[in-house]
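> Got a predicted model here, sequence first, then my questions.
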Amino acid sequence: MINVGIGEQQMNNILAELNIPSIHHKTLKEREREKLDVHSKKLQINHAIMHCWMKLYVLLQLNGDGTQVPQVSCDGAWQKRGTGQNYDSLSGHVTVVGKYTRKCLGFGLACRSCRKCTYARWNKTQVKNHNCKRNWTGSAKGMEPFLTVKCLKSLKEKGFNVKKLTMDDDTTTFIRAKKAISPELTKSSDKNHVIKNLASNLYKLRQDNKNLSVKIINYFKKCFSYAVQQNRGSPASLQKNLEAIVPHAFGEHVKCDAHWCGFLKAPNLYKHKSLPHDKDLHDEGLRKSLSCVFAKYAANADKLADLESSNSNENLNQMIAKKAPKSQHYSGSESLAYRLSASVAQKNEGHKYLLEVNKTCNLSPGKHTAERLQKLDVKRNVKRAKQGTVQAKRDRLRAKENRHSAQALEELKEGTTYESGVLINKEEAQLEEEIQEIPLPATDKKRTVVSPAPSSSSSIIVLDLETTGFATESSIIQIAARDIKTSDHYVRFIMPENGFVPPAVSKLTGIEVHGLTMYFNLVPVEFTSCERAVDEFLAWLKKYKSPLLVAHNAKFDARILVSTMCRLKMDDHLKDIAGFSDSIHLFKKEYPGRGSYKLESLSTDLMEQQFENMHNAEVDVNILTALLKRVSNVHEKLIDISFSTESVLVNNQKLINKKMYLSSFSGLINEQVLSKTQCSNLAAQGIGEFHISLVRKRAGTEGIKNMLRGKITKLDSVLEKLSKFYSSNNAQ
């Protein structure tokens, strides 16, 4: 229970799920104290700590030149998360980890509450005799200095005199420890905390410097980290490099060193790959602010030249948080001490510590327990070895950068979603503009239609449509389909939704509408509505296994059919269609070099006969069926050139987007900021000019770059033109 980080309620919930009687909380606590008292736990931990001390002294003796001093890292944590403004945790702990062994040499726990004392106070009863765990009456902030000094004194009493301490700069712990332990005690700051503090200072500058993007902040963090790492032990060199970072970013390289400055190595080829547009920064106000920040760090170069890491303590804190979750209160009894002890034992000895605890408590180690713990230890060692490699660190940084970039792009598209006090601080009209979403590109939209891929078992269905025009929203006036293997077919005349057939279409197809009557070649014909005809056609198709629809110029027929099905809310049936195949592409491969691949020309030349009523869907389907039967292995060849219903949906959406958004780019096209082709591509992906303008208001040029990356060529040149265009329009 303690090892996996659950309490009495979670334990009894698990038992209830397994239909096993639950255990009363008092009984459970008695068994816990009986078998897992702190003394028996400490036997295991003291063994691990003594083992660490011995390893540490051996390491110190091997060096022999006195350069390695007894050095530890310290870090504290609370069992309740702080808000940044208020810290009122009832308990906290401190861990001391050896630099060379990375084992926990000591730990301390401070508790401000006791459950039995609290119960007696609230009920105004006499406190019973008990093992009170309350050992701290001060503030939560005072726990870390108190426990650190206590741990260092304990180590000193056991003969281990710490000479150097690694910790963060968030408390006065070091001053107190130096006063209590030894005036010769020295300190090195934690590198990760220093970099986090730098990032915090840079983010504060964003309030007055809108050009300071996240990408620029990451650039300066990286430069700072490189400078610290490459100048360890050399304060003068580190100071010089820190003073050169800001001028380097703004194109001045007088203070740079040739061993790291790419400009000094190749002035004509150098580009700032990590800065926006790969170019120098130019904002003088931003430069002044950045120089002030880095000047403070350069002035403390003697401290920064000796940075260490307290990652081992952070790792141990994570283990403690798993066994004692911060959402639960365990410090009112011995439970928190047990959980802290268990975490330290796991840190020092691995998961196998549990076997030794069981033996000490006269419990069987258990075969399955041993197998599970061995697997966990192997997994831990493999993960540690992998994470320590340079490639793994690069992969983590790359994944983090990609994650942040994707998040920034999503926030850019969504607009304002969460902001403290947003409904009070901003007007409704302003919020309506800020919450306007920028649509995802058509190719990125998730489709619910997943059609089966055409296969050798797919049925070949020949299809032809006659329509009122070439536009996607044109009405179908005749549909015909036929199975290539049989004479089974489906034919229907369809009354257009507006009851009108253009004269040009009537002249070509012979189909006319007068009043409520439909004619083919001046002869009245039976007809039906579009909805009923499509519904009947889909029902007819269900007789065939994963049908592949073949048409002459199939892109047109597929576009009209899919568009009609979507308009009639029948797009769920698209999953029953394996795809479409264009017979024109097939005949171009079979009969290369022809002047014409029209159906009339192919039938005349290949079948040596002429047909009447061409452009009648039924006649065209019969002709195409006959032509396809003349091709060897036609089934496999049609599958090879097929395309999916999903691609038709995407292309239809692009056409709709073009019609909706292309006109908004007229100003950019007239000013030659973007070409008509570029605007057409952006419009097809659901992006209008007003979206670009909106992104510029939200995130400036960097936001436009993130939105257009991968969607447009020569992006840097386009960004410059867009910046000039919007700047001139704003000036007017």
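Thanks, I have it.

> Pull out the buried residues from stretch 254-265.
Buried residues in stretch 254-265, defined by neighbour count with 16 or more other CB atoms under 10 Å: 256-257, 262-263. Bear in mind the C-beta positions are built from the backbone N, C-alpha and C, glycine included.

> contacting residues around it?
Residues from elsewhere that reach stretch 254-265, judged by CB atoms under 8 Å, 6 or more residues apart in numbering: 226, 230, 240-241, 243-244, 247-248, 253, 270.

> Can you pull out the residues in contact with stretch 267-285?
Here stretch 267-285 makes contact (CB under 8 Å, 6+ apart) with 209, 211, 213, 215-216, 218-219, 222, 249-251, 262-263, 287, 701-702, 705, 716, 719.

> Could you turn the buried ones of the residues you listed into a PyMOL selection?
Buried subset of these, written as a PyMOL selection, criterion 16+ other CB under 10 Å:
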select buried, resi 209+213+215+216+218+219+249+250+262+263+287+701+702+705+719
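
> related to what we said a few turns ago, need the contacts of stretch 254-265 in TSV (columns: neighbour count and distance to Asn622).
Shown next, in TSV, are the contacts of stretch 254-265 (neighbours: other CB atoms under 10 Å; distance: CB to CB, whole Å):
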residue	neighbour count	distance to Asn622
Tyr226	13	74
Gln230	14	79
Lys240	17	86
Asn241	26	82
Glu243	19	85
Ala244	22	81
Pro247	17	80
His248	24	76
His253	17	78
Tyr270	14	70
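
> just the residues you listed now: which is nearest Asn657?
Of all the contacts of stretch 254-265, Tyr270 has the smallest distance to Asn657: 40.7 Å, by CB to CB.

> A strand includes that closest one, no?
No - counting by DSSP: H, G, I helix; E, B strand; the rest coil, Tyr270 is not part of a strand but coil.

> So Tyr87 is in contact with Gly76, correct?
No - contact criterion CB atoms under 8 Å: Tyr87 and Gly76 do not qualify, at 11.4 Å.

> quick one: which of these two has more around it?
The residue with more neighbours, out of Tyr87 and Gly76, is Gly76; 24 against 15, by other CB atoms under 10 Å.

> A strand includes that one, no?
Yes - checked against three-state DSSP, Gly76 lies within a strand.

> Quick check: it vs Leu316, distance?
According to CB to CB, to the nearest Å, Gly76 stands 11 Å off from Leu316.

> Could you list the buried residues of the helix or strand Asn192 falls within?
Secondary structure assigned from DSSP states H and E places Asn192 in helix 191-205. Residues of helix 191-205 classed as buried: 191, 193-195, 198, 201-202 (neighbour count, 16+ other CB under 10 Å).

> what does stretch 645-661 give?
When neighbours are counted by 16+ other CB under 10 Å, the buried residues of stretch 645-661 are found to be 645-646, 648-658, 661.

> And the pLDDT for Cys223?
With respect to pLDDT, Cys223 scores 93.

> Share the number of residues neighbouring it, please.
Neighbour tally, Cys223, other CB under 10 Å: 20.

> wouldn't it be in contact with Ile245 here?
Yes - counting by CB under 8 Å, Ile245 is a contact partner of Cys223 at 4.8 Å.

> Now Leu28: closest residue in space, sequence neighbours ignored.
Nearest residue to Leu28, sequence neighbours excluded (CB to CB, 6 or more residues apart in numbering): Glu8, at 5.3 Å.

> residues in contact with the one you found?
For Glu8, the contact set (CB under 8 Å, 6+ apart) comprises 23, 25, 28-29.

> And the helices in the stretch 401-550 of the chain, which stretches?
Under the criterion DSSP state H, counting those that start in this stretch, helices of the stretch 401-550 of the chain are mapped to 422-425, 428-434, 503-509, 530-541.

> excluding its backbone neighbours, what's nearest Ile460?
Distances taken as CB to CB, 6+ apart put Ile484 closest to Ile460, at 4.3 Å, once the chain neighbours are dropped.
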